[in-house]
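Peer 1: Just need the structure, nothing else, for what follows:
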Amino acid sequence: MTSWNESRAAYRDAAGWFAGTTATITDQWERVALGEWTVRDLVGHTSRSLLTVESYLAAGREVSVDPEHPPAVEIASAVDYYGVIGVGAGDPAAVAERGRAAGRALGAEPAASVAGIVGRVLAEVDRATGDEFVLTPFGGMLLAEYLPTRVFELAVHGCDLAASLGIPPTVPESAVSIAVHLLGDLAVRGGKGPELLLAGTGRGPLTDRFSVL
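Peer 2: Next up, the predicted model:
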């Protein structure tokens with residue numbers, strides 16, 4: 001089981017890597033990056049792995065005013081979170097538009113905006129204990145369980161961003177460790193553990209478009 005300090009350190013490393021990669025972008029902002037997203041759209045979407053921590057913590061504080069009647073933790077783990085959003089993630093077109101909107105919101109200096117977001121959110125996470133309640137659109141959970149999902153998203157979309165820019169995906173080891181651990185747990189939950197195990201040990205190929213999400 002990953003400790004809070006390990007998750008927090010991995011989140012810091014992943015966010016720093018994302019900000020550093022974004023800072024290298026020059027004239028590629030309108031280049032096609034992932035599906036229908038441009039580089040700007042992808043950076044905007046990835047920035048939501050920071051912004052949602054901030055906004056969901058704020059929403060959680062609003063419903064945590066009575067210590068004698070704490071809000072219900074409806075999502076127990078990072079794995080459960082992906083199970084819930086897999087059912088209720090909604091229209092792919094709406095997801096794509098949220099990415100574009102997030103990209104537009106970064107303004108005329110998107111790299112500087114990302115750096116500001118990273119600094120602000122990491123400062124809040126550094127002050128946290130992991131026991132804070134976060135209120136997501138899919139239910140309430142603890143920050144210690146939500147944060148690994150954001151490490152996962154930063155790692156995966158950081159790789160997408162690196163690929164779109166033609167640079168190596170130098171994901172920090174701390175973030176890779178948490179992302180791969182979560183990947184394995186999701187594979188087991190979805191009945192794909194043996195397939196992943198065999199492929200990971202060179203005993204068989206993964207099927208085309210294999211995914212645990």
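
Peer 1: Val151 contacts Ser177, doesn't it?
Peer 2: No. Val151 lies out of contact with Ser177 (C-beta atoms under 8 Å); the separation is 9.2 Å. The C-beta positions use only the backbone N, C-alpha and C, and glycine is treated the same way.

Peer 1: In terms of neighbours, single out the busier of these two.
Peer 2: Val151 (31 against 16; other C-beta atoms under 10 Å).

Peer 1: Quick check: what element follows the host helix or strand of that one along the chain?
Peer 2: Following DSSP states H and E, one finds Val151 within helix 143-165. Downstream of helix 143-165, the next assigned helix or strand under DSSP H and E is helix 173-189.

Peer 1: before we move on, back to that, where do the contact lists of Val151 and Ser177 overlap?
Peer 2: Ala10 (C-beta atoms under 8 Å, 6 or more residues apart in numbering).

Peer 1: The helix or strand of the chain with the lowest mean pLDDT packs against which elements?
Peer 2: The weakest-scoring helix or strand in the chain, judged by mean pLDDT, DSSP states H and E, is helix 78-88 (a mean of 84). Here helix 78-88 touches strand 139-142, helix 143-165, helix 173-189, going by 3 or more C-beta pairs under 8 Å, 6 or more residues apart in numbering; DSSP states H and E.

Peer 1: Quick one: work out the angle between the second one and helix 173-189.
Peer 2: What separates the directions of helix 143-165 and helix 173-189 is an angle of 110 degrees, with axes from the mean of the first three to the mean of the last three C-alpha atoms, to 10 degrees.

Peer 1: what's the helix or strand for the residue lying farthest from the centre of the chain?
Peer 2: No residue in the chain sits farther from the centre than Glu68, which is 31.9 Å out by C-alpha atoms, centre = their mean. Using DSSP H and E, Glu68 sits in no helix or strand.

Peer 1: Let's see the helix holding Val151 as PDB, backbone CA atoms only.
Peer 2: The C-alpha trace of helix 143-165 is given here as PDB (Å, rounded to 0.1, in the frame of the first residue of the first chain):
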ATOM      1  CA  LEU A 143      -7.500  12.900  -0.500                       C
ATOM      2  CA  ALA A 144      -5.100  10.100   0.200                       C
ATOM      3  CA  GLU A 145      -7.100   7.900  -2.200                       C
ATOM      4  CA  TYR A 146      -7.800  10.500  -4.800                       C
ATOM      5  CA  LEU A 147      -4.300  11.800  -5.200                       C
ATOM      6  CA  PRO A 148      -2.900   8.500  -6.800                       C
ATOM      7  CA  THR A 149      -5.500   8.900  -9.600                       C
ATOM      8  CA  ARG A 150      -4.000  12.300 -10.300                       C
ATOM      9  CA  VAL A 151      -0.500  10.900 -10.300                       C
ATOM     10  CA  PHE A 152      -1.700   8.300 -12.800                       C
ATOM     11  CA  GLU A 153      -3.300  11.000 -15.100                       C
ATOM     12  CA  LEU A 154      -0.300  13.200 -15.000                       C
ATOM     13  CA  ALA A 155       2.000  10.300 -15.900                       C
ATOM     14  CA  VAL A 156      -0.200   9.000 -18.700                       C
ATOM     15  CA  HIS A 157      -1.000  12.400 -20.200                       C
ATOM     16  CA  GLY A 158       2.500  13.600 -19.700                       C
ATOM     17  CA  CYS A 159       3.600  10.700 -21.900                       C
ATOM     18  CA  ASP A 160       0.900  11.800 -24.500                       C
ATOM     19  CA  LEU A 161       2.300  15.300 -24.400                       C
ATOM     20  CA  ALA A 162       5.900  14.100 -24.800                       C
ATOM     21  CA  ALA A 163       4.900  12.000 -27.800                       C
ATOM     22  CA  SER A 164       3.200  14.900 -29.400                       C
ATOM     23  CA  LEU A 165       6.300  17.000 -29.000                       C
END
